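In: Here is the input, now give the coordinates:
(chains A and B)
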Amino acid sequence: MWTLVQDNLILLVIALLVGLAVALWAFRRSGAGSESLPGRRSDGPEGNGLQDEFAAATQDVAGEIFGVDAHPNIPGPSGPPDNLRLLKGVGPKMVAQLNEFGITRFDQLAGLTETEVALLDKRMGAFEGRIARDRLVEQACYLERGDTDGFEAKFGKLGG
Amino acid sequence: MRPVHKAIVGLLLALAVAWIWHGPLGRGERLIDRLEGEARTSVAATELPGISVSLVRAPLARVAVLSGRANDLQREGLGSQMGISDYVRAVDGISDVRWADEPDSKRRILPLLIETMAQAALAYFIGLGLGWLLWGRRRREGFA
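Out: Prediction:
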């Protein structure tokens, strides 16, 4: 069997690369967790290429090491504030905390990248980790689109 | 297109590449030629006259078929004494050895094309799995 593997090594490398390419095609764009969230950015403003992702990752790690604010670019509000308390798991204190970071609208939350969520979550004080844990970005995606049925199907009754 | 459909398309592509590799590119034939040459060298080393060996060609398979006059002792050996079959079986890459005049020579064989395609499919799924680990994993916690 090993002889066959050695003899077919180039073929096996090609097949492996085909598998990787198909995985990139099948999984990367939609992502298993965000497939149903058309309004959601899949990554940051750096771009969508592998090089861009690598650059963004390097920037994040460097930011962690040097204590530099690597991703401060949370988009500003584009209109009047939304009622962020409609989000499940968000109370008045957490709304105040989010407002401190300039987040007053659903579209701002919905537009956060995973990196931005991670960075923001660390600075949430008593609410550290809650943005990811309570899936606020996903909730905000529904509410930003006005898809209350979708929201309620997934997270329960709005305002309940 | 759903991810599962894309994965199936990729699998078909990997299998097509394996078929081209095996057939039109001639890698299967070349491997069998090489193994047959090594098997003949092994048979010649036993210095038994009138014994010939060939590999199954229709379909190509890593199965050696011996023919010629030899008694059971010469064929299968005894204890630590190796027979002709053992010498051929020791050739790296040969999966099975049969004698043309024995009833079990008609046993079902595993074609080399199937082995090649199975390996290509395995390599493809390993690549797909690695890709899934890189790009497909769910990164968020469930809603508590």
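In: tell me the contacts of A:L98?
Out: Counting by CB atoms under 8 Å, 6 or more residues apart in numbering or on different chains, A:L98 makes contact with A:L84, A:V90, A:T104, A:L109. C-beta: built from backbone N, CA, C; applies to glycine.
In: let me redo that: B:L11
Out: Shown in contact with B:L11 (CB under 8 Å, 6+ apart): B:A121, B:Y124, B:F125.
In: could the residues you listed go into TSV alongside distance to B:G93, secondary structure and neighbour count?
Out: Listed next are the contacts of B:L11 as TSV, based on distance: CB to CB, whole Å; DSSP: H, G, I helix; E, B strand; the rest coil; neighbours: other CB atoms under 10 Å in any protein chain shown:
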residue	distance to B:G93	secondary structure	neighbour count
B:A121	20	helix	16
B:Y124	23	helix	28
B:F125	24	helix	17
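In: How far off centre is stretch A:10-26?
Out: Mean C-alpha position of stretch A:10-26 versus that of the full chain (CA atoms, centre = their mean, to the nearest Å) differs by 26 Å.
In: Pull out the buried positions in it.
Out: For stretch A:10-26, burial by neighbour count (16 or more other CB atoms under 10 Å in any protein chain shown) applies to A:L11, A:L12, A:I14, A:A15, A:L16, A:V18, A:G19, A:L20, A:V22, A:A23, A:W25, A:A26.
In: any idea how far the residue nearest to B:M1 when sequence neighbours are not counted is from A:A15?
Out: Closest residue to B:M1 apart from its sequence neighbours, by CB to CB, 6 or more residues apart in numbering or on different chains: B:V9 at 7.9 Å. As judged by CB to CB, to the nearest Å, B:V9 and A:A15 stand 14 Å apart.
In: and if you look at B:S95?
Out: Between B:S95 and A:A15 the computed distance is 21 Å (CB to CB).
In: residues in contact with the closest residue to B:H22 other than its chain neighbours?
Out: In this structure, B:H22 finds its nearest non-sequential neighbour in B:G28, 4.1 Å apart by CB to CB, 6+ apart. Applying CB under 8 Å, 6+ apart to B:G28 gives the contacts B:W21, B:H22, B:L60, B:L112, B:L113, B:T116.
In: And the contacts of the lengthiest strand in chain B?
Out: Secondary structure of chain B per DSSP state E: the longest strand is strand B:60-67. Outside of strand B:60-67, the residues within contact range by CB under 8 Å, 6+ apart are A:4, B:22, B:28-29, B:31-32, B:35-36, B:39, B:43, B:51-56, B:75, B:84-85, B:88-89, B:91, B:93-101, B:105, B:109-113, B:115.
In: and the helix or strand harbouring A:L20, what other elements does it pack with?
Out: For A:L20, the host element (DSSP states H and E) is helix A:9-23. Helix A:9-23 sits against helix B:3-22, helix B:112-131, with contacts defined as 3 or more CB pairs under 8 Å, 6 or more residues apart in numbering or on different chains; DSSP states H and E.
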